[in-house]
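[1] Build me a model from this:
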Amino acid sequence: MQNLILASHSPRRKQLLQLLNVPFNVLGSDIKEKIEPTQFPEEVVQSLAFQKASSIAKLYPHAYVIGADTVVVYQNNILGKPKDEKDAFQTLMTLSGQTHHVLTGVSIFNGNQHHTFYEQTEVTFWNLTQEEVKAYVKTGEPFDKAGSYGIQKFGSLLVKNIKGDYYNVVGLPISRLYRELKQMGFPFFNAGREGMMDKEE
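    Here you go, the predicted structure:
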């Protein structure tokens with residue numbers, strides 16, 4: 001097992017973690033997520049990230065284990081993944097012309113040390129027509145994504161502007177994660193030929 005483990009089934013997080021340019025394994029967590037109804041959104045994402053990472057860290061105590069969770073928040077309400085096309089349409093029309101927030105919680109475990117944090121990005125949508133939203137829903141993109149959209153593909157056409165980390169909206173604040181891993185002692189520069197910052201020959 002590699003020294004770095006991503007405790008997530010998300011293909012988007014896997015792609016983003018590859019930007020670190022170090023070897024890692026993917027071992028998705030299948031825990032039953034527990035959310036307290038009194039928790040604020042920033043507490044929810046950090047708690048879920050912690051639950052995911054800790055469940056895998058118990059199996060691999062000597063590895064650096066990363067868990068993450070992303071939610072979309074509008075008017076203090078967490079918008080989850082849509083149940084069907086109608087639900088996706090209604091969510092997107094609600095967000096039309098409005099500003100919402102995307103929060104990603106990240107938890108890192110390594111032996112007896114662990115650290116959990118979150119990043120927040122502000123996203124504003126254009127004023128969308130019903131036809132535009134229906135066409136986007138038909139692409140199928142909304143159905144496995146919080147808030148019923150993904151910013152990296154067709155969903156980018158919905159977005160007027162963002163304030164904060166773009167990659168946080170995709171699902172992993174990779175720049176912040178890199179710095180947190182360094183602070184926890186992850187050996188980026190001892191990762192061999194594939195290590196980050198290695199010079200090209």
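[2] From now on I want contacts and neighbour counts done on CA atoms only, so please keep to that.
    Noted.
[3] mind checking how far the residue most central in space within the chain is from T116?
    Most central residue of the chain, judged by C-alpha distance to the mean C-alpha position with CA atoms, centre = their mean, is G171 at 2.3 Å. Noted for G171: a distance of 15 Å to T116, by CA to CA, to the nearest Å.
[4] what does R179 give?
    With distances defined as CA to CA, the gap from R179 to T116 amounts to 13 Å.
[5] V106 too?
    Relative to T116, V106 is positioned 6 Å away (CA to CA).
[6] shared neighbours, these two?
    Residues touching both V106 and T116 by CA atoms under 8 Å, 6 or more residues apart in numbering: 46, 49-50.
[7] Could you provide those residues in TSV, with additional columns for secondary structure?
    TSV is the format used below for the shared contacts of V106 and T116 (DSSP: H, G, I helix; E, B strand; the rest coil):
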residue	secondary structure
Q46	helix
A49	helix
F50	helix
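[8] quick one: the helices in the chain?
    Counting by DSSP state H, residue ranges of the helices within the chain are 11-17, 41-57, 85-95, 130-138, 166-170, 174-183.
[9] quick one, which of R179 and T116 is more surrounded?
    Between R179 and T116, T116 has the larger neighbour count (other CA atoms under 10 Å), namely 19 against 12.
[10] How about the more buried one, nearest residue that isn't a chain neighbour?
    Using CA to CA, 6 or more residues apart in numbering and skipping residues adjacent in sequence, the residue nearest T116 is S107, 4.1 Å away.
[11] The one you found contacts A57, doesn't it?
    No: in this structure, S107 sits apart from A57 without contact. The criterion is CA atoms under 8 Å, and the distance is 10.7 Å.
[12] who has more neighbours, those two?
    A direct count of neighbours by other CA under 10 Å for S107 and A57 places S107 higher, at 27 against 24.
[13] Just want to check the distance between that one and F24.
    Counting by CA to CA, the separation of S107 from F24 is 16 Å.
[14] The closest residue to D165 other than its chain neighbours pairs with what?
    Using CA to CA, 6+ apart and skipping residues adjacent in sequence, the residue nearest D165 is T121, 5.9 Å away. Each beta-bridge partner of T121 is listed here: V102, as defined by DSSP bridges.
[15] Quick check, pLDDT for T121.
    According to the model's per-residue confidence, T121 sits at a pLDDT of 98.
[16] show me the contacts for it.
    Applying CA under 8 Å, 6+ apart as the definition, the contact partners of T121 turn out to be 101-103, 162-166, 168-169.
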